[in-house]
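A predicted structure for the sequence below; I have some questions about it.
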Amino acid sequence: MTMMERAPDGTVSRVGRYRWVICALIFAATVINYIDRQMIGVLKPTLQAEFGWSETTYGDIVFWFQAAYAIGFVCFGRVVDKLGARLGYAVAMAIWTLAHIAHGAARSALTFNMVRFCLGIGESGNFPAGLKAVAEWFPKRERALAVGIFNAGSNIGAILTPLLVPAITLSMGWPAAFYLTGLLSLAWLPAWWILYRRPAQHPKVGAAELAHIQSDAEQPVPAIAWRRLLFVRETWAFALGKFLIDPIWWMFLFWLPDFLVRRHGLDLKSFGPPLIVIYLLSDTGSVAGGWLSSFLMKRGLSVNKARKSAMLICALLVTPIMFAANIDQLWVAVLIVGLATAAHQGFSANLYCIPSDVFPGPAVGSVSGIGGAVGAIGGMAMAKYAGWVLERIGSYTPIFIVAGCAYLLALLAVHLLTPKLAPARISP
């Protein structure tokens, strides 16, 4: 990651790599974020057995998390633009940590709805803050890779969850799983506060690395009112993309353990290895999707063609998921689902770059927040739909058919609304 760069006077300087330390911190926060949110899916069979929840009751618990996530995404997008990534991220982490630990004291569907709502508010700050930090620390040609790397933290979190949570639950009970995993956040918060500054203010960033980070820096612009962004087509290109693909990822997170239990007869002790394989594939897809568009740009393609080519490949790789519920062989089904989750992450890594590709810096967090909120609304619809399908039909096939079509529709929406990925024109 250390590179050489030629200065205007002809001298060659070694470009530092402290920006990748920042990327590693965001990656770690995303790991924690996904452990905390995915635990409800891993514990679904245990909690349903203990409390007698129906499929629609569980769907409602997921629904209230998504509702809070929608509200919080808009709020935290603006908070991050106002406070900056350093303070905004710390506030979000503190809120979701307290809510996560409080799950251990919940004893009814109502109390789970309440703590999941609070968790959704806090967790919604992760991606606006992370994307804001990437926009501050990376030039455009490296952003997709940086986003792909930190977004891969979601998959590592999803891998660690079925390893940690069943072991803790079987030995100490499910409340202890929430208490012990909550300690991870307490280690991250001081590290973030100590290590993060803006590049120009950071003592660890040399002149060569700062010049590299600022190599395609935009001219300073004043803050942009949130309501003005609602009338910009590029905002809705990102938001509609999120509306179509985010519900699929939420479905994977909150219902995959149940799919393995219901369709293949696994349980808390045995669904860990298939989930690990699925999310290892997701990790590969996250990094590969970001790498692919960066590679295509280095080969001379425009940002527009590189991003959309990578997204098209990923969208096509999701389509076999439509047949996964009809496959009897466990590991064949696991590989098809893993391919879909990997393609989702690759698609998502490129979609996440659109706000920083086409909007000025002061608007990136707000646009990310709007898109995240719209995506969470799609997740609310998916929670209701999945609960209804499983209770009335009892099969994952209708759910997986929706998943197989969503990414091609998302790419179509992005292309129609921003055919060239040109800088957004924001009227006064």
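Yep, that arrived. Please read all numbers here as calculations on a predicted model, not as lab measurements.

Low-confidence regions, the protein specifically.
Scanning the chain for pLDDT under 70 picks out 1-13, 217-223, 428.

please redo it, this time with the cut-off set to 50
Where the chain drops to pLDDT under 50, the residues are 1-2, 7-12.

What segments of it are strands?
Secondary structure of the chain, counting by DSSP state E: strands at 3-6, 12-15.

I figured Phe117 was touching Phe65, is that so?
Yes. At 6.8 Å, Phe117 and Phe65 qualify as touching, with contact defined as CB atoms under 8 Å. C-betas here are computed from N, CA, C, even on glycine.

quick one, which of those two is more surrounded?
Counted by other CB atoms under 10 Å, Phe117 and Phe65 do not tie: Phe65 has more neighbours, with 30 against 20.

What are the buried residues along stretch 156-173?
Ile156, Gly157, Ala158, Ile159, Leu160, Thr161, Pro162, Leu164, Val165, Pro166, Ile168, Thr169 (16 or more other CB atoms under 10 Å).

okay, now the nearest residue to the first one once chain neighbours are set aside: neighbour count?
Ranked by CB to CB, 6 or more residues apart in numbering and with sequence neighbours excluded, the top spatial neighbour of Ile156 is Val31, at 4.8 Å. For Val31, the count of nearby residues is 23 (other CB under 10 Å).

for the one 10 residues further on, same thing?
The criterion is other CB under 10 Å. On that basis, Gly41 has 24 neighbouring residues.

Cross-check the contact I'm expecting between it and Leu253.
Yes. Under the criterion of CB under 8 Å, Gly41 makes contact with Leu253 at 5.6 Å.

any idea how far the nearest residue to Tyr58 once chain neighbours are set aside is from Thr56?
Leaving aside its sequence neighbours, Tyr58 sits nearest to Lys44 (CB to CB, 6+ apart; 6.2 Å). Distance, Lys44 to Thr56, by CB to CB, to the nearest Å: 13 Å.

Comparing these two, which residue is more hemmed in?
A count of neighbours by other CB under 10 Å puts Lys44 above the other of Lys44 and Thr56, at 22 against 16.

what's the neighbour count on the closest residue to Trp96 other than its chain neighbours?
Nearest residue to Trp96, sequence neighbours excluded (CB to CB, 6+ apart): Gly122, at 2.8 Å. The number of residues packed near Gly122 is 25, by other CB under 10 Å.

Next, work out how far apart Gly122 and Val332 are.
38 Å.

Show the contacting residues for the closest residue to Leu390 other than its chain neighbours.
Excluding the flanking residues, the one nearest Leu390 by CB to CB, 6+ apart is Glu55, at 4.5 Å. Glu55 is in contact with Gly387, Leu390, Glu391, counting by CB atoms under 8 Å, 6 or more residues apart in numbering.

Just give the number of residues close to Ala381.
14.

So it versus Gly59, what's the distance?
Ala381 is 11 Å from Gly59, by CB to CB.

is it true that Ala413 touches Leu240?
Yes. Contact criterion CB under 8 Å: Ala413 and Leu240 qualify, at 4.2 Å.

chain center to stretch 95-113: distance?
22 Å (CA atoms, centre = their mean, to the nearest Å).

got the end-to-end distance for that stretch?
16 Å (CA to CA, to the nearest Å).

contacts for it?
Here stretch 95-113 has contacts from 33, 36, 39-40, 47, 51, 53, 57, 60-61, 64, 114-116, 118-119, 121-123, 125-126, 174-179, 181-182, 185-186, 189, using CB under 8 Å, 6+ apart.

Repeat the analysis, applying 7 Å as the threshold.
36, 51, 53, 57, 60-61, 64, 115, 118-119, 121-123, 175, 178-179, 182, 185 (CB atoms under 7 Å, 6 or more residues apart in numbering).

That one: which residues count as buried?
95-97, 99-104, 106, 109, 112-113.

Ala413 and Leu240: which is more packed in?
For Ala413 and Leu240, the more surrounded residue by other CB under 10 Å is Leu240, and the numbers stand at 21 against 18.
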